[in-house]
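> Need a 3D model of the sequence below.
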Amino acid sequence: MTYHAPARADARGVELNSLGFAKPPAQTRVVVAMSGGVDSSVVAAKLKSEGYDVIGVTLQLYDHGAALAKKGACCAGQDIHDARRVAERMGFPHYVLDYENKFRESVIDEFADAYLAGATPVPCIRCNERVKFRDLLETARDLDADCMATGHYIQRKAGDSRAELHMAADANRDQSYFLFSTTQEQLNFLRFPLGHLESKAETRALAAEYGLSVADKPDSQDICFVPNGDYASVIEKLRPGAADPGEIVDMNGNVLGQHRGVIHYTIGQRRGLGIGGLGDPLYVVRLDPETRQVIVGPKAALATSVVAITEVNWLGDIPFEGEIPCMVRIRSTRPPRPAILRPTGANRAEVELLDPEDGVSPGQACVFYETDGTRVLGGGWISLRRRPAA
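Model (predicted):
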């Protein structure tokens, strides 16, 4: 069942290979970012089987010892070994680059600081933006690669004027939320050979067909450097004293109880507050790290209709101005919802949600999509909950 992308032609009628270059695969060098998981392994094996000049690169992002004992991680320990085995089986060179310092400076430190500031960060986006699609992409250029391929489930399509970013064919695997900050220049160089697949089962079937040892390897879970999803313990190690206790107060400032550190709470949280017996359920509606207060209120207080966005990356064809109808996703686990995007600066905007959302959290991403298709128009970072729903 090996999939070979059909040959296609550019606007001049010149035949292109499956990666979009007007030359034979053997003359096309592609660096594959290999995490050691089944997805990137299949990408490397697939391209090698099609005759491309493949070079595999794996990044060591954090401590080997900690990762060896953690299931469902990536980019360390066993995963580096698995990537190397795939390269040996398929017969292409494989390199391991020590990016531990880069990863800590570009991703982990900001993750810790964002949590301390009361935000709910998404470090996987920063990793793609600042490590994989910036530093590793430059390494690929240094290796004289024509492009870099990854195992992400997202599609790159040739538009009328430039490459476009689209959601994956499999909505359950779509990773567009985590790749909104991909710039146009990066998109021109990147390739995503799995984005067209209808299910993860197809990927595993290809892995089995190529005889890869990772065919049945479990998917990575949670954030790679956070064991068992325990964010608070990681923050305490990175920033000693971060879990100082404080007060739980209602929206009028009345003290309802004590908490064990702001870092243990997230916007929208209901359980584990330790303030039962007060009648209607209460939810975390705001975190104030400066006063060490966790502010709680009724569910209605969570509804938000206008959200401020910073660090906007715009991939649309129309100018970034005026009012732009679109669909937006404010959490990776939520479907896109109708909205109006209003730019307020070169890289800032307000998003009006036509149907108010609960639990909009600073530090999360807001990703923009076209209203009647799959194209990713860009996105940015939620900075403040600007206006409650009426």
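> Show me where the stretch 1-150 of the chain dips below the pLDDT cut-off.
For the stretch 1-150 of the chain, the stretches flagged by pLDDT under 70 are 1-13, 63-76.
> Could you do the stretch 201-350 of the chain as well?
Judged by pLDDT under 70, the stretches of the stretch 201-350 of the chain that qualify are 221-222, 227, 277.
> can you give me the strands in it?
Listed in chain order, the strands of the stretch 201-350 of the chain (DSSP state E, counting those that start in this stretch) span 246-249, 255-259, 283-288, 293-297, 304-314, 324-329, 337-343, 349-357.
> how about the fourth one: buried residues?
Residues of strand 293-297 classed as buried under the neighbour-count rule (16 or more other CB atoms under 10 Å) are Q293, V294, I295, V296, G297. (C-beta placed from N, C-alpha, C; glycine too.)
> Let me have those in a markdown table, extended by distance to E352.
Shown next, in a markdown table, are the buried residues of strand 293-297 (distance: CB to CB, whole Å):
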| residue | distance to E352 |
| --- | --- |
| Q293 | 29 |
| V294 | 28 |
| I295 | 24 |
| V296 | 26 |
| G297 | 22 |
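> Out of those, the closest to H81 would be?
For these, the closest approach to H81 (CB to CB) belongs to V294, at 43.1 Å.
> who's that closest one bridged to?
On DSSP bridges, the residues paired with V294 through beta bridges are I248, L287.
> Check the spacing between it and V284 real quick.
For V294, the distance to V284 equals 6 Å [CB to CB, to the nearest Å].
> Same check on V96?
42 Å.
> got it, and H264?
10 Å.
> same question, Q175
Shown here: Q175 relative to V284, a distance of 28 Å by CB to CB.
> More neighbours: which of these two?
V284 (24 against 20; other CB atoms under 10 Å).
> I'd like to know how far that one sits from I295.
7 Å.
> Same question for N313.
On the measure of CB to CB, N313 and I295 end up 31 Å apart.
> swap in V57?
46 Å.
> quick one on the thing from earlier: can you tell me which two in the buried residues of strand 293-297 are farthest apart?
Farthest pair in these, by CB to CB: Q293 and G297, 12.5 Å.
> so how far does stretch 247-259 reach from one end to the other?
6 Å (CA to CA, to the nearest Å).
> quick one: buried residues of that stretch?
Here stretch 247-259 shows E247, I248, V249, D250, L256, H259 as buried, counting by 16+ other CB under 10 Å.
> Make JSON lines out of the residues you listed and add distance to R334.
Formatted as JSON lines, the buried residues of stretch 247-259 follow (distance: CB to CB, whole Å):
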{"residue": "E247", "distance to R334": "31"}
{"residue": "I248", "distance to R334": "27"}
{"residue": "V249", "distance to R334": "28"}
{"residue": "D250", "distance to R334": "27"}
{"residue": "L256", "distance to R334": "29"}
{"residue": "H259", "distance to R334": "27"}
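> quick check, nearest of the residues you listed to A208?
Minimum distance to A208 across the buried residues of stretch 247-259 is 49.2 Å, recorded for H259 (CB to CB).
> I'd say the closest one and P245 touch.
Yes. At 6.2 Å, H259 counts as touching P245 under the criterion of CB atoms under 8 Å.
> can you pull out the helices in the stretch 51-200 of the chain?
64-68, 78-90, 100-103, 109-116, 123-127, 137-142, 184-189, 200-209 (DSSP state H, counting those that start in this stretch).
> Deepest-packed of these, please.
helix 123-127 (a mean of 21; mean count of other CB atoms under 10 Å).
> So what's the gap between it and the chain middle?
6 Å (CA atoms, centre = their mean, to the nearest Å).
> Which neighbouring elements make contact with that helix?
helix 109-116 (3 or more CB pairs under 8 Å, 6 or more residues apart in numbering; DSSP states H and E).
> Now do the helix it packs on: distance to the chain's middle.
Counting by CA atoms, centre = their mean, helix 109-116 comes out at 17 Å from the chain centroid.
> repeat for stretch 43-58
When C-alpha coordinates are averaged (CA atoms, centre = their mean), stretch 43-58 and its chain have centres 23 Å apart.
> again with stretch 145-156
Stretch 145-156 sits 14 Å away from the centroid of its parent chain (CA atoms, centre = their mean).
> Cool, thanks, talk later.
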